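Enquirer: Return a 3D structure for these sequence lines:
(chains A, B and C)
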Amino acid sequence: MKLLIVILSDADTENVIHKLIEADFRFTRLSSSGGFLRRGNTTLLMGTPAERVEQAIKTIRGAAGSPADPGHRVAMIFVLDVQRFEQL
Amino acid sequence: MKLLIVILSDADTENVIHKLIEADFRFTRLSSSGGFLRRGNTTLLMGTPAERVEQAIKTIRGAAGSPADPGHRVAMIFVLDVQRFEQL
Amino acid sequence: MKLLIVILSDADTENVIHKLIEADFRFTRLSSSGGFLRRGNTTLLMGTPAERVEQAIKTIRGAAGSPADPGHRVAMIFVLDVQRFEQL
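Expert: Below is the predicted model:
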């Protein structure tokens, strides 16, 4: 199991979330803001089986792509190893 | 040191937090929401010594257990290894 | 690449953020609250190259230091290993 921490600009968030749900990924959404300009952004926590990490990244990449507005895009994905996972 | 990321439904949050405090666990609480229906939930960040992880999970499991309402429970616990921990 | 999860008391947050920006660190800011007294605090997620972790910790330590008010300080830093990092 991996934990993906995904930071999205507000401009990309709705589309990314829509595509992730369509692809049957589950996540939790945190409110966040940028550090400097405090532009709104969203952080997703996604518990993801190791074999679906590649698909998750491709899904996010595809949905976040909006080359017309390069200045406002700050999507970042951190993939962390999960030592233990419990679902209650 | 481990970092537990705990995602709790709103229905379970107050009881889990109460039991964790009783057992002398410390945590930080983040506001979060589910992805799809955006039902409210809460994310806890818990720095936990390795030897207390088992107790933390048992405490959360005991406090989150409400079999009468299975449809609304989405508690998840991710245990991550902490490479370095600094308390200032 | 490392991920620093930094939990700051509200009293320290603005100064720490200012110094981090000055030192050219990037981060995302999450709203959080303490567990027990629910005193406001802030959680920063900082993707940081391994070779800059030491500098990041020193910067936070320097900016969070206010010995006049020891009772209200709860800064904690968790350094996690990032298995994979994608910037979109």
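Enquirer: Pull the number of nearby residues for A:L88.
Expert: By other CB atoms under 10 Å in any protein chain shown, the residues close to A:L88 number 20. (Each C-beta comes from the backbone N, C-alpha and C, glycine too.)
Enquirer: wait, it sits on B:R61?
Expert: Yes - A:L88 sits in contact with B:R61 when judged by CB atoms under 8 Å, with a separation of 5.6 Å.
Enquirer: For stretch A:6-18, buried residues please.
Expert: For stretch A:6-18, a neighbour-count test (16 or more other CB atoms under 10 Å in any protein chain shown) marks A:V6, A:I7, A:L8, A:S9, A:A11, A:D12, A:T13, A:N15, A:V16, A:I17 as buried.
Enquirer: which of these are close to chain B?
Expert: Of the entries in the buried residues of stretch A:6-18, the ones placed beside chain B under the rule of CB under 8 Å from any CB of the partner chain are A:I17.
Enquirer: Show me which of the buried residues of stretch A:6-18 is closest to C:S32.
Expert: In terms of CB to CB, no member of the buried residues of stretch A:6-18 lies closer to C:S32 than A:I7, at 15.8 Å.
Enquirer: so what's that closest one bridging to?
Expert: When bridges are taken as DSSP bridges, the partners of A:I7 come out as A:T43, A:M76.
Enquirer: got the contact list for it?
Expert: Taking CB atoms under 8 Å, 6 or more residues apart in numbering or on different chains as the criterion, A:I7 is in contact with A:S32, A:N41, A:T42, A:T43, A:V74, A:A75, A:M76, A:I77, C:T28, C:L45.
Enquirer: quick one: contacts for the fourth one?
Expert: Translated: A:T43. When the contact criterion is CB under 8 Å, 6+ apart, the partners of A:T43 are A:I5, A:V6, A:I7, A:L8, A:R29, A:L30, A:S31, A:S32, C:T28, C:L30, C:L45.
Enquirer: name the helices or strands packed onto the helix or strand of chain A with the lowest mean pLDDT?
Expert: Every helix and strand of chain A was ranked by mean pLDDT, DSSP states H and E. The lowest is strand A:28-34, at a mean of 76. Under the contact definition 3 or more CB pairs under 8 Å, 6 or more residues apart in numbering or on different chains; DSSP states H and E, strand A:28-34 sits against strand A:40-48, strand B:28-34, strand B:40-48, strand C:28-34.
Enquirer: just the CA coordinates of it, formatted as PDB?
Expert: Listed in PDB are the C-alpha atoms of strand A:28-34, where the atom choice follows Å, rounded to 0.1, in the frame of the first residue of the first chain:
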ATOM      1  CA  THR A  28      -9.700  12.300   1.400                       C
ATOM      2  CA  ARG A  29      -9.600  16.000   0.600                       C
ATOM      3  CA  LEU A  30      -7.900  18.600   2.800                       C
ATOM      4  CA  SER A  31      -8.200  22.400   2.600                       C
ATOM      5  CA  SER A  32      -4.900  24.000   2.000                       C
ATOM      6  CA  SER A  33      -3.400  27.200   0.700                       C
ATOM      7  CA  GLY A  34      -0.100  28.100  -1.000                       C
END
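Enquirer: could you check the angle strand C:28-34 makes with it?
Expert: Interaxial angle, strand A:28-34 versus strand C:28-34 (axes from the mean of the first three to the mean of the last three CA atoms, to 10 degrees): 110 degrees.
Enquirer: ok, back up a step: nearest to A:Q83, out of the helices and strands packed on strand A:28-34?
Expert: strand B:40-48 (11.8 Å).
Enquirer: List the buried residues for the very next helix or strand once past that closest one?
Expert: Once the chain leaves strand B:40-48, the next helix or strand it forms, by DSSP states H and E, is helix B:53-64. Within helix B:53-64, the residues that qualify as buried are B:V53, B:A56, B:I57, B:T59, B:I60, B:A63, B:A64, counting by 16+ other CB under 10 Å.
Enquirer: just the residues you listed that are near chain C?
Expert: Within the buried residues of helix B:53-64, nothing lies near chain C by CB under 8 Å from any CB.
Enquirer: In TSV: those, plus pLDDT.
Expert: Formatted as TSV, the entries for the buried residues of helix B:53-64 read as follows, by pLDDT from 0 to 100:
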residue	pLDDT
B:V53	98
B:A56	98
B:I57	96
B:T59	96
B:I60	95
B:A63	92
B:A64	87
